[in-house]
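*Asks:* build me a model from this:
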Amino acid sequence: MKEATGNSVGSLWSLCLIICTFVATETQRAHAAFTSSRTALLRNKFTQYPPSRAVKPSTVLLSMASVGSYDPPPYPVRVAVMGGGNFGLALSTVLGRKGVPVTLLVRSDDVADHINTEQTHPRYMSDIKLPATIRATIDPAVALTDATYIIHAVPVQFSRDFLLGVRDYIPPGATVLSASKGIETSSLGFMADILRETLGEERGYAFLSGPSFAREICEGVATAVVIASEDLMLAEDLADLMSSDNFRVFTSKDVMGVEVGGAVKNVIALAAGMCEGLGLGTNAMSGLVTRGCGEMRRLGIYLGGKPSTISGLSGVGDTFGTCFGPLSRNRSFGMRLGKGESMQQIRESTTEVAEGVDTSIALVKFIKKKCKGYRLDLKYPILFGVANILEGKQTPREGLVGLMNIPMRMETYNDRH
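*Replies:* You can find the predicted model right below:
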């Protein structure tokens, strides 16, 4: 009897082991199939839509999940890029070289025709040959109606009016990736605020930032950026979509930290340019940029950003590129101010936008409104000083003298606590 019972128990254990093994194997197989399918959608099937696709909108619309959630699209990806400036062209090129069909929404029929026939932009980086997978149009219905992902590359100060003008053409739930950096002067809002106020809450949003000059991207120079989204799966899918051997995309969930870094770095670059324009040397510029990064970190942490984000690609990394890079518009603008040119002279001589100019004044208003405390001008002396110079309250040299006469305290403000 005991032997029979023992045999029964042994058989039962063997059966349980077989069942457990089968379940584990099937689970692994299902997970592998899901991962493979999801990756294939983003990497292997982009070219199913030919580069010369007709401008007729697709009858297939996006099928996204409910409010605040995101699911990978169940069919090949098509991207619309809003904004035909340098950075819009650069991101279009990144995707186009991977075979992803891209529709570039521009303002001029002449520009669109030139891009479609010559595969170059007539004004911006005109020596760069664009991939054949990029098509341009001035019609938002053509560009946006069947887009899987939409990239927003319009300067911040023009974004609200632009988005209000095209929002009826954007499919419900379509994901928007913002590549614009700064603070809106009228609302004192970041791009995350502008997007939600104009396009609603019922879609996924992500934000790209990092040291990334448009020309170097188009030339295939190694570049590393970060995409932040409150939905990490969305950030990872976008990173998979855009990454290549020479364009590496990291991910983050710290949207506020990325937005603060992208806005403040342009203001620091203006200061760095003024320092160079005044001929003050490497010591002065290095100290200025370092102290500026400290102010960026202080503001980012106060607003809920993470120190690791500020010290990463979208904060310190982008600041280094913008302050020391010869292609930086903000650095060049500041350098010309330092050499004695007026803001009017500089603006009349260029068609490119130095985002830091408007952002600087808006940023000081934002700090005064949002940050509570004593002597904010001593906590953010560089940010306040740049705004004073741009508003004509002092010259670049007077601003430097003011910085050099700040009372000596501990290097890091937070170390006082």
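*Asks:* tally of neighbours for M404?
*Replies:* Other residues lying near M404 total 8 when counted by other Cβ atoms under 10 Å. Backbone N, C-alpha and C define where each C-beta goes, glycine included.
*Asks:* can you give me phi and psi for it?
*Replies:* In terms of degrees, to the nearest 10, the main-chain angles of M404 are phi -70, psi -20.
*Asks:* same question for F207.
*Replies:* With angles defined as degrees, to the nearest 10, F207 sits at phi -140, psi 120.
*Asks:* report the beta-bridge partners for it.
*Replies:* Counting by DSSP bridges, F207 forms beta bridges with S178, A228.
*Asks:* I figured it hits I227, correct?
*Replies:* Yes. In this structure, F207 is within contact of I227 by Cβ atoms under 8 Å, at 6.9 Å.
*Asks:* quick one: mean pLDDT for stretch 105-116?
*Replies:* Across stretch 105-116, pLDDT averages out at 96.
*Asks:* tell me which residues are up against that stretch.
*Replies:* Under the contact criterion Cβ atoms under 8 Å, 6 or more residues apart in numbering, stretch 105-116 has outside partners 80-84, 104, 120-123, 130, 134-138, 140, 143-144, 166.
*Asks:* mind giving me the PyMOL select for those residues, buried ones only?
*Replies:* With 16 or more other Cβ atoms under 10 Å as the burial test, the buried ones among the contacts of stretch 105-116 are selected in PyMOL as follows:
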select buried, resi 80+81+82+83+84+104+120+121+130+134+135+136+137+138+140+143+144+166
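*Asks:* among the contacts of stretch 105-116, which lie within strands?
*Replies:* For these, the ones inside strands are 80-82, 104, 134-137, with DSSP state E as the criterion.
*Asks:* which of these lies closest to G305?
*Replies:* Distances from the ones in strands among the contacts of stretch 105-116 to G305 were compared by Cβ to Cβ; the smallest belongs to M82, at 26.2 Å.
*Asks:* wait, the closest one touches P155, no?
*Replies:* No. Taking contacts as Cβ under 8 Å, M82 lies outside contact range of P155: 11.4 Å.
*Asks:* now do the shared contacts for F207 and I227.
*Replies:* Looking at what touches both F207 and I227 (by Cβ under 8 Å, 6+ apart), the common residues are L177.
*Asks:* show me what the strand or helix carrying K365 is packed up against.
*Replies:* Using DSSP states H and E, K365 sits within helix 355-370. Counting contacts by 3 or more Cβ pairs under 8 Å, 6 or more residues apart in numbering; DSSP states H and E, the secondary-structure elements packed against helix 355-370 are helix 156-166, helix 255-277, helix 329-338, helix 381-390.
*Asks:* next structured bit after it?
*Replies:* Downstream of helix 355-370, the first helix or strand assigned by DSSP H and E is helix 376-379.
*Asks:* list of residues touching that next one?
*Replies:* Residues from elsewhere that reach helix 376-379 (Cβ under 8 Å, 6+ apart): 295, 298, 367-368, 371, 373, 384, 406-407, 413.
*Asks:* can you lay out the helices and strands packed on helix 355-370 as JSON lines showing distance to L234?
*Replies:* Shown next, in JSON lines, are those (distance: least, Cβ to Cβ, whole Å):
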{"stretch": "helix 156-166", "distance to L234": "19"}
{"stretch": "helix 255-277", "distance to L234": "11"}
{"stretch": "helix 329-338", "distance to L234": "29"}
{"stretch": "helix 381-390", "distance to L234": "31"}
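*Asks:* low-scoring stretches of the stretch 51-200 of the chain, by residue?
*Replies:* Across the stretch 51-200 of the chain, residues meeting the criterion (pLDDT under 70) sit at 51-75.
*Asks:* mind saving the C-alpha coords of the helix holding K365 as PDB?
*Replies:* Taking only C-alpha atoms (Å, rounded to 0.1, in the frame of the first residue of the first chain), the coordinates of helix 355-370 have been written out as PDB:
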ATOM      1  CA  GLU A 355      15.700  80.700 -29.100                       C
ATOM      2  CA  GLY A 356      17.600  81.800 -26.100                       C
ATOM      3  CA  VAL A 357      16.800  85.500 -26.700                       C
ATOM      4  CA  ASP A 358      13.000  85.200 -26.000                       C
ATOM      5  CA  THR A 359      13.500  82.300 -23.600                       C
ATOM      6  CA  SER A 360      15.800  84.400 -21.400                       C
ATOM      7  CA  ILE A 361      13.300  87.100 -20.700                       C
ATOM      8  CA  ALA A 362      10.500  84.600 -20.200                       C
ATOM      9  CA  LEU A 363      12.700  82.500 -17.900                       C
ATOM     10  CA  VAL A 364      13.200  85.300 -15.500                       C
ATOM     11  CA  LYS A 365       9.500  86.000 -15.400                       C
ATOM     12  CA  PHE A 366       8.900  82.300 -14.800                       C
ATOM     13  CA  ILE A 367      11.400  82.100 -12.000                       C
ATOM     14  CA  LYS A 368       9.800  85.200 -10.300                       C
ATOM     15  CA  LYS A 369       6.400  83.600 -10.600                       C
ATOM     16  CA  LYS A 370       7.100  80.000  -9.700                       C
END
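*Asks:* oh, and call the first residue 6 from now on, that's how I've got it
*Replies:* All right, first residue 6 from here; so that's helix 360-375.
*Asks:* nothing else from me, thank you.
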